[in-house]
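Undergrad: what would the 3D arrangement of this be:
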Amino acid sequence: MAIATPEEGSFRSDATVISVVGFAHALSHFFHFVLPPLFPYLMRDFGLTFTQVGATMMVFFVISGVGQALAGFVVDRLGALRVLYAGMAMFGLGGLALAASTSYAWLFVGAALMGLGNSVFHPADYTVLNRRVSNPRLGHAFSVHGLSGSLGWAAGPVFVLALAEASGWRTAAFGAGLVGFAGLVFLLLNRRTLSDARMVAQEPAKRSGGSLAFLGVGVVWMCFTFFLLAVMSFGGLQNFGPPVLESMYGITLALATTGLTAYLLCNAAGIGAGGFFASSGTHQDRLVALSLGSAAACAVALASGQVPPWSVVLLMGLMGFGAGFANPSRDILVRRAATSTFGSTAYGRIYGFVYSGIDIGLALAPIAFGLLMDAGRHPMVLWGVAALQVAAIFAALSVGSASRSAAR
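TA: Numbers count the residues shown, from 1 in each chain. The predicted model follows:
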C-alpha cells in the first residue's frame, strides 16, 4: 500500500509521526547538556580554565555544524531514517568515549562523536515532518518539535548531574551513552512511522542550477544568519548562565541553576504557545520580532544588575518564554524561504545548511563568552545575550520581507 501524501495524512498518522520525531529531537538536545554540567568536574580533574573546557563544546558544535550542512545532501539522497540511525549511534559512542577519557584530548574525541551525532537531526527531522505531516498541522508539528527539544535541554542537566553527584562524572557520561543507544533501539522499533524512502517530491524544483544552487539565494543566507545570532545568545546562558547570576546577584549556585531551568521550561511553554499562531498569515517575522524583543528586554534588566535577587528566576523564565514563542514562526519562515524558490525538492539541503547556523552559533558562544568569564566581566555576558537577540530581530524581519517578495 502506498504511503499517504502529507495532504492525505490522518490525524492519527500525523500525531504518530510528530511524536516519534519529537522524541528523537529531545534526545539530540539532551546531548547538548551532557558536557556543560560536567564542566566543574572536568576543570578539577584535568586542570582546565573556563575557556579550555568551553572549547569542548566548540568542537561539539563545529563538527555538528559542518556535518549538518553535509547531512542534508545525504538525507535528500538516501532518506531521513538511515541518517537518524547513524546519529543515535554516534551519540552512544560519544558518551562512552567521554566516560573513558584519560586526557584533555580525549574529551575532544567524545565531544566530536556527539557533535557528529547531533548533526543529522535538523535536516532529517524537518524533512520527515514536511513530507509526512499534513500542511494544516505543520505549525503544531514545528511547535512540538521545538518543545521536545527544550524538554531534552531541561532533562539533560538533571540526568547528568544526578549521576555525577551519585557516582562521578564518568558514570554520568556512560549513562548518557546508554541513552543514545536506547534512542537507536526506539527508532528501529518505529522505523515504519519515519520511513520516507518511498516519498517523492510533490512538485518539481522551481529553480535549476544543481544541488548547490540554494547557496546563491540571499534569503537562505539570511536564515542562516538569524539562527547563528539567536542561538549564540542562548549559548551564553547555556554554558555560563548559572555562574554569571551567582556572581552578579550573590545567590547560591543552586538558585542560579534554577534560573536556567526556568528559562528552559518556559522556553518549552513558549514554543507550545507559539505553535497556535505560527501558521496564520504571512507575517511570522513580526511575531519573531515581538517575542525576541521581550526576551532581550529581560536580558537587559538582568545585565543591569539593578533588579532584586528574588526576580532572577522570574526574569529568566520570561526570557525563555519570549525566545521559545518565536521558534514555530521561525520554522515556518524557513519553510517558506525554501519552497518559494526550490519547491519541496531540497528540504534536506536547505534545512541542513540553514540550521547549521545553530551549531556555529553554539560553537562560538563558549569561546566568546568564556573569554568574558575568565576576564571577570560577568555582566557583559548578559549584555551580549541581549545584543545578539536584537540583531536576530533584524535578520528575521529581512527573511520575512524577502520570502514574501519571492512568493509573489
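
Undergrad: pLDDT at the nearest residue in space to Ala89 that is not next to it in sequence, what is it?
TA: Using Cβ to Cβ, 6 or more residues apart in numbering and skipping the chain neighbours, the partner closest in space to Ala89 is Leu184 (5.6 Å). Placement of C-beta: from N, CA and C, glycine included. Leu184 carries a pLDDT value of 95.

Undergrad: residue contacts, Leu184?
TA: Each residue near Leu184 by Cβ atoms under 8 Å, 6 or more residues apart in numbering is listed here: Tyr85, Met88, Ala89, Gly92.

Undergrad: same list, those, but as TSV with secondary structure please.
TA: Below are the contacts of Leu184 laid out as TSV (DSSP: H, G, I helix; E, B strand; the rest coil):
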residue	secondary structure
Tyr85	helix
Met88	helix
Ala89	helix
Gly92	helix
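
Undergrad: got these as a markdown table, with distance to Gly274 and pLDDT columns?
TA: Formatted as a markdown table, the contacts of Leu184 follow (distance: Cβ to Cβ, whole Å; pLDDT from 0 to 100):
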| residue | distance to Gly274 | pLDDT |
| --- | --- | --- |
| Tyr85 | 30 | 94 |
| Met88 | 28 | 96 |
| Ala89 | 32 | 96 |
| Gly92 | 32 | 96 |
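
Undergrad: just to revisit the earlier point, list the buried residues in the helix or strand containing the residue nearest to Ala89.
TA: Element membership of Leu184 [criterion: DSSP states H and E] is helix 169-189. Across helix 169-189, burial judged by 16 or more other Cβ atoms under 10 Å covers 169-170, 172-177, 179-181, 183-184, 187.

Undergrad: and which of the residues you listed is nearest to Phe108?
TA: Ala173 (13.8 Å; Cβ to Cβ).

Undergrad: in this structure, which helix or strand is least confident?
TA: Ranked by mean pLDDT, DSSP states H and E, the weakest helix or strand in the chain is helix 327-342, scoring a mean of 73.

Undergrad: right, and the helix or strand after that helix?
TA: Following helix 327-342 in sequence, per DSSP H and E, is helix 347-374.

Undergrad: from the contact counts, what lies against that following helix?
TA: Packing partners of helix 347-374 (3 or more Cβ pairs under 8 Å, 6 or more residues apart in numbering; DSSP states H and E): helix 50-78, helix 121-132, helix 218-249, helix 327-342, helix 378-407.

Undergrad: among those helices, which comes closest to His25?
TA: Taking the helices and strands packed on helix 347-374 one by one with Cβ to Cβ, helix 121-132 is closest: 5.5 Å.

Undergrad: output the contacting helices and strands for that closest one.
TA: Counting by 3+ Cβ pairs under 8 Å, 6+ apart, helix 121-132 packs on helix 11-30, helix 50-78, helix 80-99, helix 138-167, helix 347-374.

Undergrad: redo that, cut-off 6 Å
TA: helix 11-30, helix 50-78, helix 80-99, helix 347-374 (3 or more Cβ pairs under 6 Å, 6 or more residues apart in numbering; DSSP states H and E).

Undergrad: which of those helices sits most buried?
TA: Comparing these by mean neighbour count (mean count of other Cβ atoms under 10 Å), helix 347-374 ranks first with a mean of 24.

Undergrad: any weak-confidence spans in the chain?
TA: Scanning the chain for pLDDT under 70 picks out the ranges 1-9, 195-211, 278-282, 337-347, 403-408.

Undergrad: try it again at 50.
TA: Low-confidence regions of the chain, defined by pLDDT under 50, span residues 1-8, 200-205, 208.

Undergrad: nearest to Leu287, of the helices and strands packed on helix 347-374?
TA: Using Cβ to Cβ, the nearest of the helices and strands packed on helix 347-374 to Leu287 is helix 327-342, at 4.5 Å.

Undergrad: let's have the contacts of Leu184 in JSON lines, adding distance to Thr252.
TA: As requested, the contacts of Leu184 are exported to JSON lines (distance: Cβ to Cβ, whole Å):
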{"residue": "Tyr85", "distance to Thr252": "43"}
{"residue": "Met88", "distance to Thr252": "37"}
{"residue": "Ala89", "distance to Thr252": "39"}
{"residue": "Gly92", "distance to Thr252": "35"}
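
Undergrad: may I have stretch 164-175 exported as PDB, CA atoms only?
TA: Written as PDB, here are the backbone C-alpha positions of stretch 164-175 (Å, rounded to 0.1, in the frame of the first residue of the first chain):
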ATOM      1  CA  ALA A 164      27.600  12.700  38.600                       C
ATOM      2  CA  GLU A 165      26.800  13.600  42.200                       C
ATOM      3  CA  ALA A 166      25.900  10.000  43.000                       C
ATOM      4  CA  SER A 167      28.700   8.000  41.200                       C
ATOM      5  CA  GLY A 168      31.000  10.500  39.500                       C
ATOM      6  CA  TRP A 169      31.200  12.200  36.100                       C
ATOM      7  CA  ARG A 170      32.400   9.100  34.300                       C
ATOM      8  CA  THR A 171      29.200   7.200  35.300                       C
ATOM      9  CA  ALA A 172      27.200  10.200  34.100                       C
ATOM     10  CA  ALA A 173      28.900  10.100  30.700                       C
ATOM     11  CA  PHE A 174      28.400   6.400  30.500                       C
ATOM     12  CA  GLY A 175      24.800   6.700  31.300                       C
END
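
Undergrad: quick revisit: got TSV for the helices and strands packed on helix 121-132, with distance to Leu237 too?
TA: Output for the helices and strands packed on helix 121-132, formatted as TSV (distance: least, Cβ to Cβ, whole Å):
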stretch	distance to Leu237
helix 11-30	14
helix 50-78	13
helix 80-99	23
helix 347-374	9
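
Undergrad: Gly270: what secondary structure?
TA: Counting by three-state DSSP, the backbone at Gly270 sits in helix.

Undergrad: how about the contacts made by it?
TA: By Cβ atoms under 6 Å, 6 or more residues apart in numbering, Gly270 lies in contact with Phe321, Gly324, Phe325.
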